[in-house]
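Q: can you look at this prediction? I've put the sequence above it.
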Amino acid sequence: MLAAVVLLPIVLTSDPAAPEPRTGAYMAYDSARGETLLFGGWTRADTQSPATYPADLWAWDGKRWRRLDPPSGTERPIGRDVPVMAFDAMRKRLVMFGGRRRADGASPGWENDVWEWDGVRWHRIAAASSPRVLHPTALYDPQRRRVVVYGGGILSDSGAFNGFSRTLWEWDGARWNARDSTGPDLPPAGATVPSAGGLLFMMGQVGVNRAAPAAASRLWLWNGTAWTDHADGPPFNNLQAIAGAPDGSLFFYQAWEDWRTTAVLHVRDARGAWRHVEEALNPGVRNTQAAAWDARRQRLVLFGGSTRDGKLLDDTWEFDGRHWTKR
């Protein structure tokens, strides 16, 4: 007797399975839902095509990417290069602001809107003009329960670079407050929250490491009232992705400078000791990649970026504390 065969309909979908190749995207870990969120960056069909700016939001759960589409008819932010993002753990919202984009090949336009993602949809925060800075560092301060933004390039009304910001800003969900304006006059690359308290920022030395690793980076501690020059860090020239972990660790993937012959992951543990991981299997030479620490799975997640010959990447890598794995 032949078994009955049930023919199921084939459902075709054009939805992508992962973010398209891009550089300049940002990631932040959603501690309320246990997934890593990615937004922004720019892409193009080939090296001769103009840049486009995806406005999609993605979530990585450790197994697959999932596009998070807001309900039909609700507003969403426009796509942009190098947006600034941090997750507000108390309010369970992703905070995103700033970034830049080009319009019809014109000079980059600088955005100053503020948006929050609540897990279901985007909300634009009315009358909440953000600091006009490019490439600042953002993180969540669990003691003051605020998203903190420090440093970055100051932008004029025309979008021109006008020095580095020394202002530390706090976001309370409705407005920006300038908490301090006496910070180091250095570009920040990343930050973490030490177990002893305060906020620890890793900052570079402008221009001095272009040809060779001539000067160490600096780690500056903000204790809520004053800044302290805290310790040395690895020398670098180009801004590359850095992720902080809840225990105060820092993860810095470096591969872009011409004087680096191999890619290296610098890991600063919660005690303040550095180790340098160089393996044959690694994400390779790239810049403006996105990175975040997955606290639930205890993994560093790295996505995308661009190579020296201009190729845009769409691969996902994870570091488990010892080794890299391409996912």
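A: Great, that's in hand. Numbering: from 1, shown residues only.
Q: quick one: low-confidence ranges for this structure?
A: Low-confidence segments of the chain, defined by pLDDT under 70, span residues 1-14, 103-108, 127-129, 159.
Q: and with 80 instead?
A: Scanning the chain with the threshold set as pLDDT under 80 gives 1-15, 102-109, 127-130, 155-160, 238-239.
Q: ranges for the helices of it?
A: If DSSP state H is used as the criterion, the chain turns out to lack helices entirely.
Q: quickly list what the closest residue to residue 68 other than its chain neighbours is bridged to.
A: With C-beta to C-beta, 6 or more residues apart in numbering as the criterion, residue 68 has its nearest non-adjacent residue at 4.6 Å, and that residue is residue 57. In short, each C-beta sits where N, CA and C put it, glycine included. Here residue 57 sits in beta bridges with residue 39, as judged by DSSP bridges.
Q: how about the contacts made by residue 57?
A: 37, 38, 39, 67, 68, 117, 122 (C-beta atoms under 8 Å, 6 or more residues apart in numbering).
Q: go again using 10 Å as the cut-off
A: 19, 37-40, 66-70, 76-77, 94, 96, 117, 122 (C-beta atoms under 10 Å, 6 or more residues apart in numbering).
Q: who wins for neighbours among these?
A: Looking at the contacts of residue 57 with neighbours defined as other C-beta atoms under 10 Å, the largest count falls to residue 40 at 29 neighbours.
Q: and it, how far from residue 115?
A: When C-beta to C-beta, to the nearest Å is applied, the distance between residue 40 and residue 115 equals 11 Å.
Q: shared neighbours of the two, which are they?
A: 77, 78, 83, 85, 96.
Q: neighbours of the second one, how many?
A: Put plainly, it is residue 78. Neighbourhood size, residue 78 [other C-beta under 10 Å]: 13.
Q: make CSV out of the shared contacts of residue 40 and residue 115 and add distance to residue 173.
A: Listed next are the shared contacts of residue 40 and residue 115 as CSV, based on distance: C-beta to C-beta, whole Å:
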residue, distance to residue 173
77, 17
78, 22
83, 18
85, 15
96, 13
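Q: of all the residues you listed, which comes closest to residue 33?
A: Distance from residue 33 was checked for each of those by C-beta to C-beta. The minimum falls on residue 85, at 15.0 Å.
Q: which strand residues bridge that closest one?
A: Applying DSSP bridges to residue 85 yields these beta-bridge partners: residue 96.
Q: what sits against it?
A: By C-beta under 10 Å, 6+ apart, the contact list for residue 85 reads 25-28, 37-40, 94-99, 115, 117, 138, 147, 290, 292.
Q: now swap in residue 218 and tell me
A: When the contact criterion is C-beta under 10 Å, 6+ apart, the partners of residue 218 are 184, 186, 201, 202, 203, 204, 205, 229, 230, 231, 232, 233.
Q: with adjacent residues omitted, what lies nearest to the first one?
A: By that I understand residue 184. The shortest distance from residue 184 to any non-neighbouring residue, by C-beta to C-beta, 6+ apart, is to residue 220 (5.2 Å).
Q: and for that neighbour, the neighbour number?
A: 21.
Q: that one against residue 203, yeah?
A: Yes. Judged on C-beta atoms under 10 Å, residue 220 makes contact with residue 203 at a distance of 6.0 Å.
Q: what is in contact with those two at once?
A: Common neighbours of residue 220 and residue 203, using C-beta under 10 Å, 6+ apart, are 150, 151, 183, 184, 186, 188, 191, 229.
Q: got the CA positions of stretch 203-214 in PDB?
A: Taking only C-alpha atoms (Å, rounded to 0.1, in the frame of the first residue of the first chain), the coordinates of stretch 203-214 have been written out as PDB:
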ATOM      1  CA  MET A 203      41.100  57.500  23.200                       C
ATOM      2  CA  GLY A 204      43.600  57.900  20.300                       C
ATOM      3  CA  GLN A 205      46.400  60.200  19.600                       C
ATOM      4  CA  VAL A 206      45.600  62.300  16.500                       C
ATOM      5  CA  GLY A 207      47.800  61.600  13.500                       C
ATOM      6  CA  VAL A 208      50.900  60.400  15.300                       C
ATOM      7  CA  ASN A 209      50.400  56.700  14.500                       C
ATOM      8  CA  ARG A 210      49.800  57.100  10.800                       C
ATOM      9  CA  ALA A 211      53.200  55.800   9.600                       C
ATOM     10  CA  ALA A 212      54.200  53.700  12.600                       C
ATOM     11  CA  PRO A 213      52.900  52.800  16.200                       C
ATOM     12  CA  ALA A 214      54.600  55.800  17.800                       C
END
